[in-house]
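**Q** I would like the atomic coordinates for the input below:
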Amino acid sequence: MPAPLRGLRALDLTDALGHLCGRLLADLGVDVIKVEPPGGDPSRALPPVRDGTGLYWHASNGGKRGITLALDRPEAAAVLGDLIAHADFVVDSFPPDSPAAGVVRDAVARRPWIVHTAVTPFGDRPPGSALRADDVVLWAMGGPMYVCGDADRPPVRPGLWQAFCHAGAEAAVGTMLAHVARGTSGRGQRVVVNAQAAMVWTLMNAQAFPIFHGDSPRRSGGYVGSKTIRRRMVYACADGYVALLLMGGQGAPSTRSLIGWMDEAGMAPPWLREWPWETWEPGWAMAASAAAQEEMERIEAVVETFLRTRSKAEVYREGVARRILVMPVATVADIAVDPQLAARGFFRPVDEPRFGRTIRHPGPFARLSATPLDDPRRPPEPGEHNAAVYGGLCGYSAARLAALGGAGVL
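**A** Numbering: from 1, shown residues only. Prediction:
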């Protein structure tokens with residue numbers, strides 16, 4: 001069976017802020033045509049870089065075809081219109097008030113069946129439409145940076161380009177919702193993704209704490225909590241760290257299972273075996289008494305003493321078997337050999353001439369039984385498919401292609 005969206009086509013005019021949207025559409029079988037300025041997209045150089053290739057670009061643009069188009073040239077509007085006439089989706093991440101964004105909007109407006117997704121830092125309405133942002137700015141203004149890091153140090157963000165990934169993923173979801181609606185109405189929609197809002201959503205319930213609890217969570221490193229409570233979230237084990245939250249009340253079954261495992265190993269003291277987990281809840285969200293905090297730290301110390309005798313792999317394996325809410329803090333090396341990803345066939349071999357060998361490439365984001373997603377393919381070189389797209393799809397002659405290339409349009 002073909003991939004679920006085989007036969008549909010998308011124009012991807014995004015920079016790093018929206019690359020992942022097109023990659024997810026390509027996984028679903030969409031013919032995604034990546035449009036870059038002549039010479040290539042600057043985000044090709046984003047680190048980490050291997051053998052002259054930006055790996056973020058490589059991972060988020062696999063499966064696409066590549067063409068070039070200089071949208072700042074007078075002839076570009078007509079060329080873009082010819083491309084959009086053969087498209088079902090258009091995705092861009094131009095600043096909303098920029099000339100390039102205007103060119104795209106005008107071209108899409110003449111084709112009401114198009115789903116047009118605009119990925120923006122702060123939306124397309126004033127004052128946000130006039131603001132620009134890099135990944136680090138989105139992490140800061142979206143809120144996650146405020147709660148990431150240690151209390152006695154500046155806030156931090158995760159490595160690489162996670163805000164860009166969140167924005168691109170939200171763009172893919174919005175695009176698909178508009179596509180479903182188009183199946184009923186026959187008309188496309190304009191989807192606007194606000195990357196800052198996407199980052200706010202990653203906070204889950206943290207943004208509601210001031211309303212419901214009168215205060216906000218704090219930066220606390222490997223702990224969670226606020227005000228006068230400090231609960232350990234990251235524990236050392238024999239070869240690294242695991243994430244674990246000791247809970248009472250509705251979380252009691254998980255904690256009881258952990259203590260049972262410790263007891264089998266002879267490492268659960270009698271007072272811990274008899275602990276009333278079902279009624280134990282020492283200020284879960286915001287505040288705890290000094291006595292409750294001391295009690296919690298006493299329990300956590302015993303648990304960590306046990307975990308230090310076990311490897312990450314063993315803790316995870318027993319956690320799954322015993323239904324303990326625990327997970328390893330994985331390194332890149334751990335992910336490369338992760339047995340669950342291996343069982344899913346997540347990493348797929350891709351021939352990559354740029355590296356001179358076959359590489360392991362991130363595979364499709366989901367496994368579908370009836371309509372399997374497409375295998376990954378290497379990302380395109382700048383303008384690699386100009387002849388195939390402009391000639392085969394738009395009907396441009398070789399002479400016209402040469403003229404547009406000579407004029408700096410392609």
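**Q** C-alpha from now on. contacts and neighbour counts both.
**A** Will do.
**Q** check what pLDDT the closest residue to residue 58 other than its chain neighbours gets.
**A** Leaving aside its sequence neighbours, residue 58 sits nearest to residue 379 (C-alpha to C-alpha, 6 or more residues apart in numbering; 6.0 Å). If you check residue 379, the pLDDT there is 94.
**Q** okay, now the domains of this protein?
**A** Per automatic domain parsing, the domain ranges recorded for the chain read 9-201+345-406, 216-330.
**Q** show me the shaky parts of this protein.
**A** 225-226, 283-287 (pLDDT under 70).
**Q** just to check, residue 156 is in contact with residue 149?
**A** Yes - checked against C-alpha atoms under 8 Å, the pair residue 156 and residue 149 is within contact range at 5.4 Å.
**Q** you'd agree the residue nearest to residue 58 is in a helix?
**A** No - checked against DSSP: H, G, I helix; E, B strand; the rest coil, residue 379 lies outside a helix; its state is coil.
**Q** list the buried residues for whatever helix or strand residue 294 lives in?
**A** Using DSSP states H and E, residue 294 maps to helix 290-307. For helix 290-307, a neighbour-count test (16 or more other C-alpha atoms under 10 Å) marks 292-293, 296, 300, 303, 306-307 as buried.
**Q** what does stretch 351-368 give?
**A** 361-364.
**Q** mind putting the residues you listed into a markdown table with secondary structure and distance to residue 223?
**A** Listed next are the buried residues of stretch 351-368 as a markdown table, based on DSSP: H, G, I helix; E, B strand; the rest coil; distance: C-alpha to C-alpha, whole Å:
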| residue | secondary structure | distance to residue 223 |
| --- | --- | --- |
| 361 | strand | 34 |
| 362 | strand | 31 |
| 363 | coil | 33 |
| 364 | coil | 34 |
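**Q** may I see those organised as JSON lines, with distance to residue 254 added?
**A** Shown next, in JSON lines, are the buried residues of stretch 351-368 (distance: C-alpha to C-alpha, whole Å):
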{"residue": "361", "distance to residue 254": "36"}
{"residue": "362", "distance to residue 254": "33"}
{"residue": "363", "distance to residue 254": "33"}
{"residue": "364", "distance to residue 254": "32"}
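**Q** which SS state does the nearest residue to residue 99 once chain neighbours are set aside fall under?
**A** Nearest non-adjacent residue to residue 99, counting by C-alpha to C-alpha, 6+ apart: residue 72, 7.7 Å away. State at residue 72, reduced to three classes by three-state DSSP: coil.
**Q** hang on, isn't residue 72 packed against residue 100?
**A** Yes - applying C-alpha under 8 Å, one finds residue 72 in contact with residue 100, separated by 6.9 Å.
**Q** more neighbours: which of the two?
**A** Neighbours per residue (other C-alpha atoms under 10 Å) separate residue 72 from residue 100, with residue 100 holding more: 19 against 13.
**Q** which among the domains of the chain is found nearest to residue 3?
**A** domain 9-201+345-406 (4.9 Å; C-alpha to C-alpha).
**Q** show me the contacts for residue 5.
**A** 28-30 (C-alpha atoms under 8 Å, 6 or more residues apart in numbering).
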